[in-house]
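Colleague: have a look; sequence and predicted model below, questions after that.
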Amino acid sequence: MATLAKASTSTVRTSSGARARRTGVKLLVFVLLLLGAFIQLLPLVYMLSTSLKQPSDVFRMPPEWIPDPIVFANYVQVWNRVDLARGFVNSMTVAVISTAGEVLVSALAGFAFARMRFPGRNAFFGLLLVTMMIPGVVTMIPSFILFRILGWIDTYRPLIVPLLFGSAFAVFLARQFFRTLPPELEDAARVDGANPFQTFLFIFLPLAAPILATLGGLGFIARWNDFLGPLIYLNTADKFTLPLMLVRLNSLYERQWHLLMAGSLIAILPIVFILIFMQKYFIESVAVTGLKG
């Protein structure tokens, strides 16, 4: 009996120690995540604080995190000064059209690489992945020369047309997703007389909502934040996208940081909404696409 009592006591102590260690690990992870969140949010809080300051208070040391006075007129001033409304329309035009084309074509290509069999399929897919290793700056000058020959400079075509053929990263993610779907779906569609395109359109595409939302969200954010492309190809101020509009706040002799911060906060609002409302789809797509290679 004494031996059993000692064994039971030792088991309880071991269980309590393991529980304490797990609690300590969870607490450490929570503290690290809280610290990471603070580091990530600090620049955003600084932007918000600066956007509400007077010009004379921007570089005051120590910095005032709560401005006094709070100047909401900065947002009205920057909106009217650089015509942010036109910048929103221009950026939205480029981002929506290019992202829609990229997602649709990449989904089609991903379905073909995942579910259809044709000669050289793996070789073509490997070649597609190799293109992801080529930096964009390498093709910048050849692309500019080509678009100049085509007469596309100072138009939105160089920013939209290349993406209408899809992108290697989007094709890769779409392929990984379609490979996770059971083959019985395809077999059932074939029995019902559906061709590959009908199978994709009516069966696989509705099931691909998580990956399509992820590709759409990531593509939209990339197009919305693109600065280098519009800087190279657009010359007319009325055609500038939002990032180029904000650059006009800076001149050679003047830096109006309070207005720049206000304009930047206005510009990131669509991205914030996308990240909030599509967070669930982002997590689902990342989890699913990593299940099968």
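Modeller: Good, I have the coordinates. Since we're looking at a predicted model, the values are computed, not measured.
Colleague: state the number of residues packed around D154.
Modeller: Neighbour count of D154, defined by other C-beta atoms under 10 Å: 12. (C-beta placed from N, C-alpha, C; glycine too.)
Colleague: let me know the average pLDDT across the host helix or strand of I266.
Modeller: Per DSSP states H and E, I266 falls inside helix 257-277. For helix 257-277, mean pLDDT is 87.
Colleague: okay, buried residues for that helix please.
Modeller: Using 16 or more other C-beta atoms under 10 Å as the burial criterion, the residues of helix 257-277 that qualify are 257-268, 270, 274.
Colleague: for it, name the packing helices and strands.
Modeller: helix 2-51, helix 73-81, helix 84-115, helix 209-225, helix 242-247 (3 or more C-beta pairs under 8 Å, 6 or more residues apart in numbering; DSSP states H and E).
Colleague: export those to JSON lines and append columns for distance to R190, mean pLDDT and mean neighbour count.
Modeller: Converted to JSON lines, these look like this (distance: least, C-beta to C-beta, whole Å; pLDDT from 0 to 100; neighbours: other C-beta atoms under 10 Å):
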{"stretch": "helix 2-51", "distance to R190": "47", "mean pLDDT": "78", "mean neighbour count": "11"}
{"stretch": "helix 73-81", "distance to R190": "56", "mean pLDDT": "87", "mean neighbour count": "16"}
{"stretch": "helix 84-115", "distance to R190": "11", "mean pLDDT": "93", "mean neighbour count": "20"}
{"stretch": "helix 209-225", "distance to R190": "23", "mean pLDDT": "90", "mean neighbour count": "21"}
{"stretch": "helix 242-247", "distance to R190": "47", "mean pLDDT": "89", "mean neighbour count": "22"}
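Colleague: so which of those helices gets nearest V191?
Modeller: helix 84-115 (15.6 Å; C-beta to C-beta).
Colleague: would you mind getting the angle between the closest one and helix 257-277?
Modeller: 30 degrees (axes from the mean of the first three to the mean of the last three C-alpha atoms, to 10 degrees).
Colleague: how far off centre is helix 84-115?
Modeller: Relative to the centre of its chain, helix 84-115 is centred 12 Å away, using C-alpha atoms, centre = their mean, to the nearest Å.
Colleague: for the helices and strands packed on helix 257-277, which one sits closest to L150?
Modeller: Of the helices and strands packed on helix 257-277, nearest to L150 by C-beta to C-beta is helix 84-115, at 17.1 Å.
Colleague: following that closest one, which helix or strand comes up?
Modeller: Downstream of helix 84-115 (by DSSP H and E), the next one is helix 121-130.
Colleague: so what touches that following helix?
Modeller: 113, 168, 171-172, 175 (C-beta atoms under 8 Å, 6 or more residues apart in numbering).
Colleague: mind running it again at 6 Å?
Modeller: 113, 168 (C-beta atoms under 6 Å, 6 or more residues apart in numbering).
Colleague: excluding chain neighbours, what is closest to Q256?
Modeller: Leaving aside its sequence neighbours, Q256 sits nearest to L249 (C-beta to C-beta, 6 or more residues apart in numbering; 5.4 Å).
Colleague: circling back: using TSV, lay out the helices and strands packed on helix 257-277 together with distance to V58.
Modeller: Output for those, formatted as TSV (distance: least, C-beta to C-beta, whole Å):
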stretch	distance to V58
helix 2-51	6
helix 73-81	11
helix 84-115	20
helix 209-225	24
helix 242-247	16
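Colleague: residue contacts, A209?
Modeller: A209 neighbours (C-beta under 6 Å, 6+ apart): none.
Colleague: gap between it and V130?
Modeller: Using C-beta to C-beta, to the nearest Å, A209 is found at 30 Å from V130.
Colleague: next one: V76
Modeller: 50 Å.
Colleague: again with L32
Modeller: Taking C-beta to C-beta, one finds L32 at 37 Å from V130.
Colleague: all set, thanks.
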